[in-house]
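[1] After the sequence you'll find the predicted model.
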Amino acid sequence: MTCDRVALGQARRWVVKIGSAMVTDEGRGLDAHAIDAWVAQLAGLHREGRDVIIVSSGAVAEGMRRLGWSVRPQALHELQAAAAVGQMGLAQAWEAAFQREGIRTAQILLTHDDVRNRQRYLNARGTLRTLIGLGVIPVVNENDTVAFEEVRFGDNDTLGALVSNLIEAELYVILTDQKGLFDRDPRSNPDAVFISEASAGAPELEDMAGGGSSGALGRGGMLTKVRAAAKAARSGTSTILAWGREHEVLRRIKRGEALGTLLHADQAPDTARKQWLAVQMQVRGHLHLDAGAVHALCECGKSLLPVGVRGVDGDFQRGELVACLGPDGVEVARGLINYSAADTARIMGKSTSAIEHMVGYVDVRELIHRDDLVLV
Ligand SMILES: Nc1ncnc2c1ncn2[C@@H]1O[C@H](COP(=O)(O)OP(=O)(O)O)[C@@H](O)[C@H]1O
Ligand SMILES: N[C@@H](CCC(=O)OP(=O)(O)O)C(=O)O
């Protein structure tokens, strides 16, 4: 046992994400036995006064089973139809299991738009916090039936990280079909080495997780899990990746046992607004900065002015999220831009006085104000 694990086991706010294969017994159908076992442990945490939120996958897998489909459909509408059928069973299974423990649950279905729009983000946060305050356990999934391909979270690992940010959870547990992260996909590399601990966001984790695939039912594989841990770390949340069928997995994590892979959040948490900016996935365009602008942003904490921009890609509107790339093409920051792509192309490379001379006025001096900018 390490001290970190023991301290984390005492976390007050837990987000627990459970993958499709775990919830649906590899697609054979909702695994009531496994759900009961998790619920007994989650109810224990709840009774001790911890706040618990569940992110449950499995709607598509359960819907496919109920519809008698053995192969995951390609067509988006069929996937959405399966999710609509399966979500009924999923919500029912969690509710019934918690009811036996005398605990109320609530269903929360979110789309990416719900966190992209600042007002809806604040609403989602308010509702989750209210439910927690009422002693209700929220069960979250993506709203698959309305999410279009390009606005989907795409995987519940990311959704769980966003929920961890929303409620500033101390601990994010991802229960999956492996014991944790290995240095290579253990499915195809039997001698892969287990990683017990690492810093969330360490660049080598993506290389370890990136080579493999997901299981037959899951969407993200390990790559989305290590990326999700990096996102969760922005609100100071540490992540544990563990095997969902491990005996008493949540109780043992609570006791500080070294189960699974611990990905620590060791940076200081961002402010809530900066977290919101950083974890938004819908980057609408890219700005290519010169070395001076990279220095101003990264070393001096300044706003981005048009003069430091050498190129622009994408078709974005004022107020949308863009990524800022250095001369080597590596992303250094992202933020909400004050000009559309067309206007940015017109004013880039020009000083404020030249812009004023050109158009007769300057609407906003900064292309991206430093309050709307996060370094990555
Ligand atoms: N480095 C790795 N370590 C562990 N598992 C990996 C790694 N790379 C890829 N994987 C694969 O990721 C799968 C888990 O992802 P996924 O099927 O999406 O799970 P879930 O449904 O729980 O989200 C594992 O079954 C494994 O084959
Ligand atoms: N929203 C989808 C889950 C997609 C997903 O992320 O699945 P998984 O990789 O198993 O966590 C569903 O309920 O089927």
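    Perfect, thanks for sending it. Numbering: from 1, shown residues only. Ligands and ions are numbered 1, 2, ... in the order given.

[2] which stretches of the stretch 1-150 of the chain form strands?
    For the stretch 1-150 of the chain, the strands defined by DSSP state E, counting those that start in this stretch occupy 13-18, 51-56, 105-110, 137-142.

[3] which of those strands sits most buried?
    Highest mean neighbour count of those: strand 13-18, a mean of 26 (counted as mean count of other CB atoms under 10 Å). Placement of C-beta: from N, CA and C, glycine included.

[4] partners of that one in the sheet?
    Here strand 13-18 has these sheet partners by DSSP bridges: strand 51-56 (parallel), strand 171-176 (parallel).

[5] for these, which one sits closest to ligand 1?
    strand 171-176 (3.4 Å; CB to the nearest ligand atom).

[6] Now the element after that closest one, going C-ward?
    strand 197-199 (DSSP states H and E).

[7] can you list the residues that contact that next one?
    Thr2, Asp4, Leu181, Glu204, Leu205, Thr261, Leu262, Leu263, His264, Asp266 (CB atoms under 8 Å, 6 or more residues apart in numbering).

[8] hey, what's the nearest residue to Glu95 once chain neighbours are set aside bridged with?
    Distance criterion CB to CB, 6 or more residues apart in numbering; nearest residue to Glu95, sequence neighbours excluded, is Thr105 at 5.0 Å. Thr105 has these beta-bridge partners by DSSP bridges: Ile137.

[9] Okay, now the unreliable bits of the stretch 251-376 of the chain?
    The stretch 251-376 of the chain contains residues with pLDDT under 70 at 280-281, 359, 361.

[10] Which part of the stretch 251-376 of the chain gets nearest to ligand 1, residue-wise?
    Ranking the residues of the stretch 251-376 of the chain by distance to ligand 1 (CB to the nearest ligand atom) places Thr261 first, at 8.4 Å.

[11] Of the contacts of strand 197-199 - the most surrounded one?
    Among the contacts of strand 197-199, Leu263 has the most neighbours (other CB atoms under 10 Å), with 30 neighbours.

[12] where in the stretch 51-200 of the chain is pLDDT low?
    148-154.

[13] shouldn't Val140 be in contact with Ile53?
    Yes: between Val140 and Ile53 there is a contact under CB atoms under 8 Å: 6.5 Å.

[14] Find the residues that touch each one of those two.
    Common neighbours of Val140 and Ile53 (CB under 8 Å, 6+ apart) are Val163.

[15] Tell me where the stretch 151-300 of the chain has helices.
    Along the stretch 151-300 of the chain, the segments classed as helices by DSSP state H, counting those that start in this stretch run 156-167, 203-210, 221-233, 249-254, 272-279, 291-298.

[16] quick one: buried residues of the shortest one?
    If I follow you right, that is helix 249-254. Val249, Leu250, Arg252, Ile253, Lys254 (16 or more other CB atoms under 10 Å).

[17] May I see the strands paired with strand 13-18 organised as CSV, with distance to Ser340 added?
    Below are the strands paired with strand 13-18 laid out as CSV (distance: least, CB to CB, whole Å):
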stretch, distance to Ser340
strand 51-56, 35
strand 171-176, 36
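
[18] Need these in TSV (columns: distance to ligand 1).
    Listed next are the strands paired with strand 13-18 as TSV, based on distance: least, CB to the nearest ligand atom, whole Å:
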stretch	distance to ligand 1
strand 51-56	10
strand 171-176	3
